[in-house]
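Asker: Next comes the sequence, and after it the predicted model I'd like to discuss.
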Amino acid sequence: MGDLFVLVISCIFINNILLAQFLGNCPFLGTSKKMETAIGMAMAVIFVLVMAGAITWVVNEYMLKPLDVVYLQTVSFILVIAALVQFVEMFLKKSIPALYAGLGIFLPLITTNCAVMGVCLINIKEEYSFIEALVTSFSYAAGFGLALVLFAGVRERILLARVPKPLQDTSIGLITAGIIALTFMSFKGMV
Amino acid sequence: MAQSLAKEFTKGLWAEIPPFRLVLGLCPTLAVTKSVENGIGMGIATTFVLVFSNLLISLLRNIIPSKVRIACYIVIVATFVTIVELLMQAYTYELFLKLGIFIPLIVVNCIVLGRAEAFANKNGPLPSVADGLGIGMGFTLSLAALGAVRELLGNGTLTIWGGTPIFEMAEGFLPFRFMLEAPGAFIGLGLMLCLMNLIGKK
């Protein structure tokens, strides 16, 4: 149990997926201009990432390994994720329309979010057990949400500031992200 | 014909150079540019995938049904990524270890899928290859440039290939470790983007 707790802390803060591992940076910059979209994206990522983490782990362990075709990992994982996203979209549309409306356009975008694929690959690479893989997936996704929402908050304030012309938009966004990453660095050595 | 091919090629080098002009594919850009060598390696791997997936997609563009095209593109791209992965494992094992999961992650690099959707989908094989090559070279150049800045400031060296530095800072230089860490990547890229905007304004 203690090990799992350490894993959670290290995935959310120390190895934060956005700010330390550099995965999922496109939606990080793309959807962080407004708090609302940031929260939508964060929820969608948490939802899909936990499911994708579980399914790809099973696929790897019970399909790719016994058949000795681990080199098909990339192809099969991306197919699983794409299919999963499509499925989740259809399922939510039918049964939980309120949640579907909330997540909206962010669901299909997740297919090309490298955070999802990246975490699935990390789970396999670190040879986590099923439970560990689930916990890691959730914690990474929670870390993604935390960083995204924090960043969106800062970015909304920047809109009010007068930024020099060449620095506007993405440029100042990246520099802000750098400063947030700097604060996250202070978690290093906590575990 | 030759002229338009050259145009498709050169637009990737300046007018639409990723990741500066097209803000796509940021993850590998930020993650692997700890040194010039890593940047170039990643750039070449991406270029390979871009050129061949563009070629194949443009050849198949009339056969692929438009409703399931994204899924088809992803499978094509994933196939070439697997090829690159196996090739790198065989011939440049050290680089393969350094780049780690970012090689399989070329699949979800938005640049590759973006070019497939925006260009190869509508154009013939030759222009598509030129486009892939141009964007790929542009990407490689950007990665190398960012890698050079970070390596020079963070480590005081420049390494193009093979592990031996071709340039070292003068002795009293204290490396700026910050540049090699995560925040250095964000701030370095942000400042380079600002520089590009400044130059572009003229």
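Answerer: Cool, the structure landed. Numbering: from 1, shown residues only, chains lettered A, B, ... in the order given.
Asker: Please tell me the pLDDT value assigned to B:G163.
Answerer: With respect to pLDDT, B:G163 scores 63.
Asker: can you check the one 4 residues further on too?
Answerer: The predicted structure scores B:F167 at 73 on the pLDDT scale.
Asker: and what of the one 10 residues further on?
Answerer: For B:R177, the pLDDT comes out at 78.
Asker: go on, A:T31?
Answerer: Per the predicted model, pLDDT is 79 at A:T31.
Asker: Next, work out how far apart it and B:L153 are.
Answerer: 31 Å (Cβ to Cβ, to the nearest Å). Using the backbone N, CA and C atoms, a C-beta is placed for each residue, glycine as well.
Asker: So between the two, which is more surrounded?
Answerer: Using other Cβ atoms under 10 Å in any protein chain shown, the more surrounded residue of A:T31 and B:L153 is A:T31, with 22 against 18.
Asker: tell me the phi and psi of that one?
Answerer: Main-chain dihedrals, A:T31, degrees, to the nearest 10: phi -110, psi 20.
Asker: who's in contact with it?
Answerer: By Cβ atoms under 8 Å, 6 or more residues apart in numbering or on different chains, the contact list for A:T31 reads A:37-38, A:40-41, A:106, A:148, A:152.
Asker: Mind picking the two most distant members of the residues you listed?
Answerer: Distance extremes for the contacts of A:T31: the farthest pair is A:F106 and A:A152 at 13.2 Å, using Cβ to Cβ.
Asker: CA-only coordinates of the helix or strand of chain A with the lowest mean pLDDT in PDB, if you can.
Answerer: Comparing helices and strands within chain A by mean pLDDT, DSSP states H and E singles out helix A:106-109 as the least confident, with a mean of 74. The C-alpha trace of helix A:106-109 is given here as PDB (Å, rounded to 0.1, in the frame of the first residue of the first chain):
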ATOM      1  CA  PHE A 106     -12.100  17.100 -26.500                       C
ATOM      2  CA  LEU A 107     -12.900  13.400 -26.700                       C
ATOM      3  CA  PRO A 108     -11.800  12.900 -30.400                       C
ATOM      4  CA  LEU A 109      -8.800  15.000 -29.900                       C
END
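Asker: residues making contact with whichever helix or strand comes after it?
Answerer: Sequence-wise, the next helix or strand downstream of helix A:106-109 (DSSP states H and E) is helix A:114-125. With contacts defined as Cβ under 8 Å, 6+ apart, helix A:114-125 is touched by A:17-18, A:21, A:23-24, A:26-27, A:45, A:48-49, A:52-53, A:56-57, A:60, A:73, A:77-78, A:81, A:110, A:132-133, A:136-137, A:140-141, A:144, B:27, B:101, B:104-105, B:107-109.
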